[in-house]
Each structure stands twice: as C-alpha cells, then as structure tokens.
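Engineer: here is the input, now give the coordinates:
(one chain, ligands or ions: 1)
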Amino acid sequence: MKKQYIAKTQGSKNFAESAKQVMPGGVTANIKSFDPYPVIMEKGDGAYLYDVDGNAYVDYLLSYGALMLGHGHPEVITAVQNQIKEDGTFLFGTPHQLELEMGKKIQQLYPSMELVRYTNSGTEATLLALRMAYAFTGKHKIAKFEGHYHGGYDQVLLSVNPPIKNAGPANQPTAVSESKGIDPYHEENTIVLPFNDLEATEEILKKNKDEIATVITEPIQGGFIPATQSFMDGLRRITEELGILLIFDEVKTGFRIGLGGAQSFYNIKPDLTTLGKVVGGGFPVGIIGGKKEILELSAPSASSDVFDSSQSHQSKAKDTLFHSGTYNGHPTILAAGLATINVLEQEIEHVFSITNQLKQGICELFDKHGIGMQTVGVGSIFNVVITEKETINHYRDLQQSDFALRRELDFGLLTQGIYTKPLNRYSIATVHGQKEVNHTLEAYEKVLAEII
Ligand code: PMP
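Structural biologist: Residues are numbered from 1 along each chain as shown. Alright, predicted model coming up:
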C-alpha cells in the first residue's frame, strides 16, 4: 500500500525532501513525521484537507483534535474578524473582557474549575498544574500513568510510549525516558503507575505518599482508552485519603468526550484540570483551572506590582506562585474558542451520532472479513484497534494489537482520500456528515478487500 501512497503523493515527497534542508527531519514537531514521508497539506475546507498534489481527504486528524468544527468554520472566522475589527487591536497586554467571558463559560461547563488561568498550550497548562501541586502540598515528586501524554517537557516525557522490554512489570512500571537529553533526575522523581489497575496503583501511591504531590492522568488514555468507572472512583478516593492532588489532563478529552469533558462523564471532581486544543478554536491555547485555594497561590501579592519583570523572578518568588506569558489569554484566540464552544453547544449530539455510525460501519466491515478488532473510544474520539482481545484497558493491551495490519490499512485509506496519520486515532467534527461516513466506509471496504 505504501507504493500506491508514494505514486499519489509525489509533490509531498519532493516537498518533504526540501523541508529536510530547513528543519530537522523536515518537520516542526516529531509527531508530524511518518515513514516514508508525511502528506503535505495545502488547504482545508470543512471536513476536507487538500494536499500539494491536489488530492482531497476527509480529515479525521483535525489537527490532533483541535478543529472540532472542521476547517474554516464561518462562525470562527467571523468571531476572529470581528474581534480584530471592533477592538481595533488584537493584543492588549492587560486583562480584558473575553478572559472573563471565557472563564465564566469554563466555570459553567467544568464546575471543578473554580478559577482559571490561560496559557499558550496544553504543555504550559500541565506544567503550571504541576508547579501548583508542588507549591500546595510541599511535596516534590509526581506520579503519572504509563502511556499517558501531558506535553513535551522533562517531568512528564516519561513512559508515554516505552518499549515494553524496558518498561518493567505491568503492575509496577519503570520510568522510561522518551527523549535524549532528559536529566535522570526526572526518572527518579516521576513515579509511573499502571492505568486501570487500582490495586497496584493504590499500593504504589501508599508507599510514596509523603513524596508524591500529585497524580496527573489522561482520564481517557490517549483520548480513547477509558478508565473504568470503578478505577476513577477509586483513584479519586485514594488520592484524597493520601493528601495527593488529582490532575485531570483534559487537553484531549475536553469538549470532545462531552461538553463537560471526562470529569462530567465520570462525575468526578479533580483538584486541577487542564484544557487545550478545542478551547482555542484552532489557535494555540491552554487553560488550567481548579480549586480556588490552589489557584489562588498564583494571585499576585500586594507587593508584586512595584516590581517590573526583570526583578520579579527573584523578588516575587517567595510570596506568590509565578505564572506569566506575553500571549496568555490572547483575545483573538479566546474569541475563536468561544465561537467554537457556542457551535458545539448546538451540534455536539450530531457529532456523537456520526461517530457512532462510523464506528458501527467499520466494525461490520471487519466482521465481514472475520478479523478481530474494536473501535475503542468515547464521545467523538475513537481508535481502530485490530486485536482478538475483548478489552483494551491500557498501553500494554494496545501494544499487543496488530500495528502492521493497521498501518497497511491506513496507507490504503490515504490513497482512497481518508486522512489520519498512520496508527492515529479518529476525531469527528461537526462538519462530518452522512456523505463523509459513506465515503469512508466505501474506502474501508475497498482497502480491506485488498489487504486481507
Ligand atoms: N496533554 C494532553 C493530554 C495532550 O493530548 C496534549 C497534546 N497532544 C498536551 C497535553 C500538550 O498540548 P500542546 O500540544 O498544546 O502543548
């Protein structure tokens, strides 16, 4: 199938070669690369992406889930244009109206987020959440789950996608660094937990309770492997009992699992929550929120306004938790995010219905060929996992699935105009409809017949 992909994407191939002369590997983020080379897109419109060779694709990557209204949604475009026109500027460097408006919307949809702060990315939001947890508890380690991603920095870039042979026993995973250049300090101070294994998690947390400030989790791993309800209930109870903060990293799950994210789905109140992606309407954003007494740590103290930024690092460090960012709460981005949420409030049921149709159709086609598989996911996100297993509960289950066949399938689908990065999850947008479902299922039918 790769051969057919290469035949259809010669423009991408040439571009990818040139890009290597400018960017390492020809990409600005490691995940954007795949073998033999990524598709180079030129234009997006609604549910579709168009590449430099003029091929059209139904887009199921949606910029890693950031575009839940698809490409160029008129409400988002209008909100951005109006924000710039009406205010005559798009950056104030002061607090402003939209920060308040978005904050109120978040408080309404995510009641656990009693106060919020804005950041420029999901990565920054989780980083700030960890700092808050250290400051609030006075402890110096964190715990994260194997297979969970929380951004690209040292403390959490461990055991996201580790080779199983290096990852230790399933019920007591070893911290495995995901990158060169990470100080071994982080392997010692980040404790790795087994997802969906409450007994083992409880044992590890109890043993380290005096050092662990917080457990950070993707409540639905990778946006598609759900925690069981009993695991989540147990995790909330244990962390509370042990004086450990619970952070729900909802950068992926926020709005896409339901408007109120995974915490609404599980009816759990985390201490801190991080959001990103959808809430920026396609622009860079992050939000952190949570319990008032924790967020208040970053409220500037009475003395802080006399210092300028050059002095503030030293002078304020003692009496407040430092958080800054030139672009935090960028008005244009918040306008795009608010417009996105408004549309989702009207149309999210349509998204779920399309997702379910697609999942069902794909399962039926695999069934016809007698191949064991599951569509694993909740709300508007799912993944196609080719496996004979009955349940996919965590990273190690996923690793045992048939990646080779899935990759063949994905390259075949690319040649049929269905876009997601090979092995990636599917995200559904408001702009996906019956036409896209039909086209996708026809493509699946053709490719499955060819590769099986
Ligand atoms: N947390 C989760 C759960 C994520 O999925 C991501 C991004 N994929 C991040 C954090 C980091 O967000 P960003 O890429 O905006 O920095």
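Engineer: read off the pLDDT value for the residue nearest to the spatial centre of the chain.
Structural biologist: Central residue check for the chain by C-alpha atoms, centre = their mean: the C-alpha nearest the mean position is that of Lys252, 2.9 Å away. What the model reports as pLDDT for Lys252 is 98.
Engineer: contacts only, for it.
Structural biologist: Counting by C-beta atoms under 8 Å, 6 or more residues apart in numbering, Lys252 touches Gly65, Glu218, Ile220, Gly222, Gly223, Lys277, Ile381. For glycine as for every other residue, the C-beta is placed from the backbone atoms N, C-alpha and C.
Engineer: tell me the phi and psi of it?
Structural biologist: Backbone torsions of Lys252, given as degrees, to the nearest 10, read phi -80, psi -40.
Engineer: near the ligand, anything from stretch 373-386?
Structural biologist: No. Figure legend: stretch 373-386 not in contact with the ligand (C-beta under 6 Å from any ligand atom); closest approach 10.6 Å.
Engineer: look at the residue in the chain that the ligand sits nearest to and report its pLDDT.
Structural biologist: Across the chain, the shortest distance to the ligand (C-beta to the nearest ligand atom) belongs to Gly122, at 2.4 Å. Note on Gly122: pLDDT of 98.
Engineer: what's the burial count for Ala449?
Structural biologist: Other residues within reach of Ala449, judged by other C-beta atoms under 10 Å, total 12.
Engineer: ok, and what's touching the helix or strand hosting it?
Structural biologist: Ala449 belongs to helix 434-451 when assigned by DSSP states H and E. The contact list for helix 434-451 (C-beta under 8 Å, 6+ apart) reads 1, 47, 58, 60, 354, 357-358, 361-362, 365-366, 369, 371, 405, 408-409, 412-413, 416-418.
Engineer: buried residues in that helix?
Structural biologist: The neighbour-count check on helix 434-451 (16 or more other C-beta atoms under 10 Å) flags Glu436, Val437, His439, Thr440, Leu441, Ala443, Tyr444, Glu445, Val447, Leu448 as buried.
Engineer: and stretch 264-283, average pLDDT?
Structural biologist: 98.
Engineer: what is the end-to-end distance of that stretch?
Structural biologist: Here the two ends of stretch 264-283 are set 25 Å apart, with distance taken as C-alpha to C-alpha, to the nearest Å.
Engineer: now it, how far from the centre of its chain.
Structural biologist: Computed by C-alpha atoms, centre = their mean, to the nearest Å, the chain-centroid distance of stretch 264-283 equals 10 Å.
Engineer: report the buried residues of it.
Structural biologist: Using 16+ other C-beta under 10 Å as the burial criterion, the residues of stretch 264-283 that qualify are 264-266, 268-283.
Engineer: in strands, which of those fall?
Structural biologist: Applying DSSP state E to the buried residues of stretch 264-283, the entries found in strands are Leu272, Thr273, Thr274, Leu275, Gly276.
Engineer: from the residues you listed, which are also near the ligand?
Structural biologist: Within the set of these, contact with the ligand (C-beta under 6 Å from any ligand atom) is found for Gly276.
Engineer: distance to Asp319 for the ones in strands among the buried residues of stretch 264-283 - can I get that in a markdown table?
Structural biologist: Converted to a markdown table, these look like this (distance: C-beta to C-beta, whole Å):
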| residue | distance to Asp319 |
| --- | --- |
| Leu272 | 21 |
| Thr273 | 26 |
| Thr274 | 25 |
| Leu275 | 28 |
| Gly276 | 29 |
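Engineer: give me the neighbour count for Asn166.
Structural biologist: Asn166, neighbours per other C-beta under 10 Å, totals 10.
Engineer: any weak-confidence spans in the stretch 1-150 of the chain?
Structural biologist: Within the stretch 1-150 of the chain, the ranges that satisfy pLDDT under 70 run 87.
Engineer: spell out which residues of it are next to the ligand.
Structural biologist: Of all the residues in the stretch 1-150 of the chain, those lying near the ligand are Tyr64, Ser121, Gly122, Thr123, Thr126, Tyr149, His150, going by C-beta under 6 Å from any ligand atom.
Engineer: host element of the fifth one?
Structural biologist: Of the helices and strands defined by DSSP H and E, Thr126 is found in helix 122-137.
Engineer: on that earlier part again, what subset of the contacts of helix 434-451 is buried?
Structural biologist: Of the contacts of helix 434-451, these count as buried by 16+ other C-beta under 10 Å: 1, 47, 58, 60, 354, 357-358, 361-362, 365-366, 371, 408-409, 412-413, 416-418.
Engineer: so Ile371 versus Cys363, what's the distance?
Structural biologist: From Ile371 across to Cys363, the span is 10 Å (C-beta to C-beta, to the nearest Å).
Engineer: between the two, which contacts overlap?
Structural biologist: By C-beta under 8 Å, 6+ apart, no residue touches both Ile371 and Cys363.
Engineer: pLDDT weak spots in the stretch 151-300 of the chain?
Structural biologist: For the stretch 151-300 of the chain, no stretch has pLDDT under 70.
Engineer: for the stretch 201-350 of the chain, which residues are neighbours of the ligand?
Structural biologist: Taking C-beta under 6 Å from any ligand atom as the contact definition, the stretch 201-350 of the chain meets the ligand at Glu218, Asp249, Val251, Lys252, Gly276.
Engineer: residues contacting the last one?
Structural biologist: By C-beta under 8 Å, 6+ apart, the contact set of Gly276 is Ser121, Gly122, Ala125, Val251, Gly254, Val285, Gly286, Ile287.
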